[in-house]
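**Student:** let's see this in three dimensions:
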Amino acid sequence: MDDTLTAEIGQVGTQFDGLGHTGIGNKYYNGIDINEAFGPTGMKKLGIEHVKPFFTKGVLVDMVAFKGKPMDGGQEITVADMEGALKKQGLSAGSIGKGDVVMFHTGWVRYWIKDNKTYNGAAPGIGIEAARWLAKKGVVIVGSDTWPLEVVPNPNPKMVFPVHQIMLTQNGVFIHENAATERLAAEKVYEFAYIFNPLAVKGGTGSPGNALAAY
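**Tutor:** A predicted model of the protein is given here:
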């Protein structure tokens, strides 16, 4: 007897986007064609079950502290914003290196559950410039307290989730969304050990699950 469950992670909690979450046209990370990547039971390549546990350095970028207030939907985080926030935290751009995890605290979590329509309707987040800056540094994961990580709506109305394409498809950088960054921000913890083991769903494009921050 076979039991089959068809479901979607959706924005129901903290979630981790695997490399099969987004493609560009018919191509996925490492130039894999869509017909090679997917089958009737999920991903044939790039499935989340191939992603091993993470134990690496995490860096929190507290945009609320830098801006002096929570960010608004559609407000973009630029490279200058990141550098300014890091400086205010006593860090620098050099504090982020290869293999690190970068998490953004935007304050958007204030709408979580309390006002789902607002929460899901837009979001502050990084734009194309910041995404390329982070990818060039060789980070392994970028996350935030928002559902898309990137700014929504995008300043260019012709673009749809370009940061996902830059991170996942072009550079192999994972995305961790809906994270409880407010806990780190409240304690002013800006560097920590990021610990996460994705749920090994065979053929899955992502995983639910909360990361741990040890400090």
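
**Student:** rest of the way, CA atoms for contacts and neighbours
**Tutor:** Noted.

**Student:** where does the prediction get shaky in this protein?
**Tutor:** Low-confidence segments of the chain, defined by pLDDT under 70: 6-11.

**Student:** so in it, which strand runs the longest?
**Tutor:** What stands out as the longest strand in the chain, according to DSSP state E, is strand 54-62.

**Student:** can you name every helix or strand that the helix or strand following that strand contacts?
**Tutor:** Along the chain past strand 54-62, the next helix or strand (assigned with DSSP states H and E) turns out to be helix 63-67. If you count contacts as 3 or more C-alpha pairs under 8 Å, 6 or more residues apart in numbering; DSSP states H and E, helix 63-67 packs onto helix 79-88, strand 101-105.

**Student:** can you mark which positions in the longest one are buried?
**Tutor:** Think helix 79-88. By 16 or more other C-alpha atoms under 10 Å, the buried positions in helix 79-88 come out as 79, 81-86.

**Student:** any chance of these in a markdown table with distance to H176 as columns?
**Tutor:** What follows is the buried residues of helix 79-88, written out as a markdown table (distance: C-alpha to C-alpha, whole Å):
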| residue | distance to H176 |
| --- | --- |
| V79 | 19 |
| D81 | 20 |
| M82 | 18 |
| E83 | 21 |
| G84 | 23 |
| A85 | 20 |
| L86 | 20 |
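
**Student:** ok, so of those, who is nearest F66?
**Tutor:** Ranking the buried residues of helix 79-88 by separation from F66, with C-alpha to C-alpha as the measure, puts A85 on top at 5.1 Å.

**Student:** distance of the closest one relative to N210?
**Tutor:** If you measure A85 against N210 using C-alpha to C-alpha, to the nearest Å, the figure is 25 Å.

**Student:** make sure V163 is actually in contact with V152.
**Tutor:** No - with contact defined as C-alpha atoms under 8 Å, V163 does not reach V152; the gap is 10.5 Å.

**Student:** if we can go back for a sec, Throw the helices and strands packed on helix 63-67 into TSV and include distance to W112, thanks.
**Tutor:** Written out in TSV, the entries for the helices and strands packed on helix 63-67 read as follows (distance: least, C-alpha to C-alpha, whole Å):
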stretch	distance to W112
helix 79-88	24
strand 101-105	14
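
**Student:** quick one: which of these is nearest K67?
**Tutor:** Across the helices and strands packed on helix 63-67, K67 has its closest neighbour in helix 79-88 (8.3 Å, C-alpha to C-alpha).

**Student:** now do the closest one against strand 101-105: the angle between them, please.
**Tutor:** Angle of helix 79-88 versus strand 101-105, following axes from the mean of the first three to the mean of the last three C-alpha atoms, to 10 degrees, is 90 degrees.

**Student:** what packs against helix 79-88?
**Tutor:** Using 3+ C-alpha pairs under 8 Å, 6+ apart as the test, helix 79-88 ends up in contact with strand 54-62, helix 63-67, helix 128-136.

**Student:** wait, which of these is closest to H176?
**Tutor:** strand 54-62 (12.2 Å).

**Student:** and that closest one, which strands flank it?
**Tutor:** Strand 54-62 pairs in its sheet with strand 101-105 (parallel), strand 191-196 (antiparallel), by DSSP bridges.
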